[in-house]
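[1] What shape does this take:
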Amino acid sequence: MTGQDLSGADLSGESLVNANLTDANLSRADLSGADLFRAILVDANLTGADLSGADLSGADLSGATLVDASLAYADLTDANLEGARLSAVNLSGANLTGADLTDANGRWANLTGARLIKASLTTATLLTANLSGVNLTNAKLAYANLEGADLTDANLTGAIGLD
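    Numbering: from 1, shown residues only. Prediction:
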């Protein structure tokens with residue numbers, strides 16, 4: 001299904017385990033509660049998509065565009081979000097334990113209450129992001145740009161790379 005145009009599609013609750021959606025257009029698609037375990041979404045367009053409560057554990061979202069998407073309470077354990085565009089994304093309550101967000105751009109992102117335990121945010125840009133109540137225990141933050149980010153009640157225990 002690489003390069004498919006699924007914009008606006010209703011895929012809520014669907015099983016897309018190991019699906020190859022490389023370069024797919026899923027803008028404004030409803031993927032809420034979908035099972036995308038180990039799905040390949042490299043360079044996919046998920047602008048404005050609803051992925052709330054979806055299982056994206058082990059998924060490859062490198063280079064994906066998730067601008068204005070909702071991933072509230074989604075499971076992104078060990079997901080690859082390297083170089084993903086996450087501006088104004090809603091990741092509140094999401095589980096990003098062990099996720100790779102290297103070089104991700106999450107300006108104005110909402111990560112309220114998210115779990116980023118052992119996640120890599122190396123060289124990530126999270127300008128003016130809401131990180132209140134986020135758990136960054138043992139996260140890698142080397143060269144991350146957190147300028148203007150709200151870190152109220154964030155857990156930074158063992159975080160690496162803080163200056």
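
[2] low pLDDT regions in the chain?
    1-2, 163 (pLDDT under 70).

[3] again, only this time at 90
    Residue ranges of the chain with pLDDT under 90: 1-3, 161-163.

[4] Going along the chain, name the helices of the chain.
    Secondary structure of the chain (DSSP state H): no helices present.

[5] Which positions in stretch 120-133 come out as buried?
    Neighbour-count burial for stretch 120-133, counted by 16 or more other C-beta atoms under 10 Å, picks out 120-126, 129-133. Where C-beta positions appear, they are placed from N, C-alpha and C, glycine not excepted.

[6] Any chance you could list what contacts it?
    Outside stretch 120-133, the residues that touch it by C-beta atoms under 8 Å, 6 or more residues apart in numbering are 99-114, 136, 139-154, 161.

[7] One more pass at 7 Å, please.
    Applying C-beta atoms under 7 Å, 6 or more residues apart in numbering, the external contacts of stretch 120-133 come out as 100-113, 139-154.

[8] now stretch 72-80
    If you take C-beta under 7 Å, 6+ apart as the criterion, stretch 72-80 is touched by 51-62, 90, 92-100.

[9] Can you say which of these are buried?
    Looks like the contacts of stretch 72-80 have 51-62, 90, 92-100 buried, using 16+ other C-beta under 10 Å.

[10] Show me which positions of stretch 85-92 end up buried.
    Of all the residues in stretch 85-92, those buried under the rule 16+ other C-beta under 10 Å are 85-87, 89-92.

[11] One more: stretch 64-76?
    64-76.

[12] Stretch 134-148 too?
    134-141, 144-146.

[13] Start and end of stretch 47-54, how far apart?
    16 Å (C-alpha to C-alpha, to the nearest Å).

[14] who touches it?
    Stretch 47-54 has contacts (C-beta under 7 Å, 6+ apart) with 26-34, 36, 65, 67-74.

[15] roughly how far is it from the heart of the chain?
    When C-alpha coordinates are averaged (C-alpha atoms, centre = their mean, to the nearest Å), stretch 47-54 and its chain have centres 10 Å apart.
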